[in-house]
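Student: this one's structure only:
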Ligand code: NAD
Ligand code: MG
C-alpha cells in the first residue's frame, strides 16, 4: 500500500528526497516551474467523508498550501471554488482537474485580490456556482523580501497589505451573509506573525494583523455559530519562496532552522485546514494552529 496522511512515519526523515534548490521565478511563481516539485498530496491524500456536501472557497487555491487544501477538501467531499491570478491559469487548471476527479463541483475564479470589487464578485460567483458557501479559506498572499526599510516602496507596502489583509476583510465581509451556523472561516497567518524576519517587515506585519483579526472576529461570530480560526505555517516549499519570498542564498537552507531540520510540504498543511473546517473542531474558535516543524510560538 502506498503512503497516505495516516501512515506513521519518522517526521524528521519524511521528504528527505525533496531538498530546496536555488531558482528564481517572477512573482507570483508557478508550481509547474518549482524544482523539485512540491508535494500537494496528489498521490497521498485520502478522504474519509469529513466534509461531505460542504461548499468551500479557497483563495490562492492554484498552488502551494491553498492547492493542497483544495485537494484535501475535494477528497473529503466538499465542492470547491479556487481564486488565483490570471497568470496562474495553468496551475489552476491542473488543480481543478484533480478536484473534478474527486467527483465534486469545481469553480475556477481568476482575479486580483488587491481589487475590492473583484473580492466581492468572487464571493458572489463562488456562491452561485457552488450553490452556497459554508467554508471560507483566506489563503492568497504576497511575500517579497526587502533588506532595508529604505528599499520598501510605498507600492509594495500597500500591495502586501491589500493582498494579505484587505482582501481577507473584503471577502469575509461579503461571505458573511451567506454563512449559516456551522460555517467556518480559516485564515492563513505565519510563524512570521511572532518571529518577524529582518527582511520581511511588511509581510510579518500583515501576518500579525491576520492573527488579531482572526481572534477578534472569532469572538464576534461565535454566538452566531460561525467559527473563525487560523493556520500558521512555518517554512513550506511553495512558489512563494523562490519568487522573491527569500533571497536566493537562503533558499538552499530553507527550513533548516526548524527542530525537524527540514522545510515542510503543502500536503502537511492540508489536514490542519480539514480539521478546522470540519465539525470535529466544533469547540475550537479563535485558535491559531501552528504547523511549523516544531518552532516555539506564544
Ligand atoms: P503560493 O504562491 O502557492 O500561494 C499564494 C497564492 O496567493 C498564489 O498562488 C496566488 O494565487 C495568490 N495571490 C498572490 N497575490 C495575489 C493577488 N494580488 N491576487 C490574487 N491572488 C494572489 O504560496 P503559499 O506559500 O502556498 O502561500 C499560501 C499562504 O501561506 C500565503 O498566505 C502565505 O503568506 C502563507 N504562508 C506561506 C509560508 C511558506 O513558507 N510557504 C509560510 C507561512 C505562511
Ligand atoms: Mg500560485
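Tutor: The structure has been received and is ready for your questions. The shown structure was predicted, so the numbers you read here are calculated from the model rather than taken from an experiment. Ligands and ions are numbered 1, 2, ... in the order given.

Student: What residues sit buried inside the helix ranked longest in the chain?
Tutor: Counting by DSSP state H, the longest helix found in the chain is helix 201-221. Using 16 or more other CB atoms under 10 Å as the test for burial, helix 201-221 gives 201-207, 209-211, 213-215, 217-218, 221. C-beta here means a position set from N, CA and C on the backbone, and glycine is covered the same way.

Student: just curious, which of those is nearest to residue 75?
Tutor: Proximity of the buried residues of helix 201-221 to residue 75, judged by CB to CB, is greatest for residue 214, which lies at 25.8 Å.

Student: My guess is that closest one contacts residue 284. True?
Tutor: No: using CB atoms under 8 Å, residue 214 makes no contact with residue 284, being 11.9 Å away.

Student: Pull up the overlap in contacts between these two.
Tutor: Taking CB atoms under 8 Å, 6 or more residues apart in numbering as the criterion, residue 214 and residue 284 both touch residue 229.

Student: For this structure, just list every one of the strands.
Tutor: Taking DSSP state E as the criterion, the chain carries its strands at 55-59, 79-84, 106-110, 135-138, 184-188, 227-233, 288-291.

Student: which residues sit against the fifth one?
Tutor: Translated: strand 184-188. Residues contacting strand 184-188 (CB under 8 Å, 6+ apart): 65, 134-139, 141, 168, 172, 175, 179, 210, 213-214, 217, 221, 226-233, 273, 276-277, 281.

Student: And ligand 1, is it touching that?
Tutor: Yes: contact of strand 184-188 with ligand 1 (CB under 6 Å from any ligand atom) involves residue 188.

Student: can you pull the buried residues of the lowest-mean-pLDDT helix or strand in the chain?
Tutor: Least confident element among the helices and strands of the chain, by mean pLDDT, DSSP states H and E: helix 248-251 (a mean of 94). By neighbour count on 16+ other CB under 10 Å, the buried set for helix 248-251 is 250, 251.

Student: So what's the residue count around the residue nearest to residue 217 when sequence neighbours are not counted?
Tutor: Computed as CB to CB, 6 or more residues apart in numbering, the closest residue to residue 217 that is not its neighbour in sequence is residue 228, at 4.8 Å. Burial of residue 228 is recorded as 26 neighbouring residues (other CB atoms under 10 Å).

Student: residues touching residue 228, list them.
Tutor: Applying CB under 8 Å, 6+ apart, the residues contacting residue 228 are 184, 185, 186, 187, 214, 217, 218, 221, 285, 286.

Student: any idea how far residue 117 is from the third one?
Tutor: Right, the one you point to is residue 186. 24 Å (CB to CB, to the nearest Å).

Student: Over to the fifth one?
Tutor: Summarising the geometry, the distance separating residue 214 from residue 117, computed by CB to CB, is 25 Å.

Student: And for the second one?
Tutor: Taking CB to CB as the measure, residue 185 and residue 117 are separated by 21 Å.

Student: Which of those two has more residues huddled nearby?
Tutor: Neighbours were tallied for residue 185 and for residue 117 using other CB under 10 Å; the higher tally belongs to residue 185 (27 against 10).

Student: What residues are recorded as beta-bridge partners of that one?
Tutor: residue 136, residue 228 (DSSP bridges).

Student: returning to that earlier point: dump the strands of the chain into CSV; add mean pLDDT as well.
Tutor: Listed next are the strands of the chain as CSV, based on pLDDT from 0 to 100:
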stretch, mean pLDDT
strand 55-59, 99
strand 79-84, 99
strand 106-110, 99
strand 135-138, 99
strand 184-188, 99
strand 227-233, 99
strand 288-291, 98
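
Student: Which residue, neighbours along the chain excluded, lies closest to residue 157?
Tutor: residue 202 (5.1 Å).

Student: actually residue 33, not the one I wrote
Tutor: The nearest residue in space to residue 33 (CB to CB, 6+ apart) is residue 25, at 5.5 Å.

Student: Tell me, how many residues neighbour residue 17?
Tutor: Other residues close to residue 17 by other CB under 10 Å number 7.

Student: From the contacts of strand 184-188, pick out the ones that also neighbour ligand 1.
Tutor: The residues of the contacts of strand 184-188 that also fall near ligand 1, by CB under 6 Å from any ligand atom, are 65, 139, 141, 233.

Student: most surrounded residue in the residues you listed?
Tutor: In terms of neighbours by other CB under 10 Å, those top out with residue 65 at 31 neighbours.

Student: and that one, how far is that from ligand 2?
Tutor: Computed as CB to the ion, to the nearest Å, the residue 65 to ligand 2 distance reads 10 Å.
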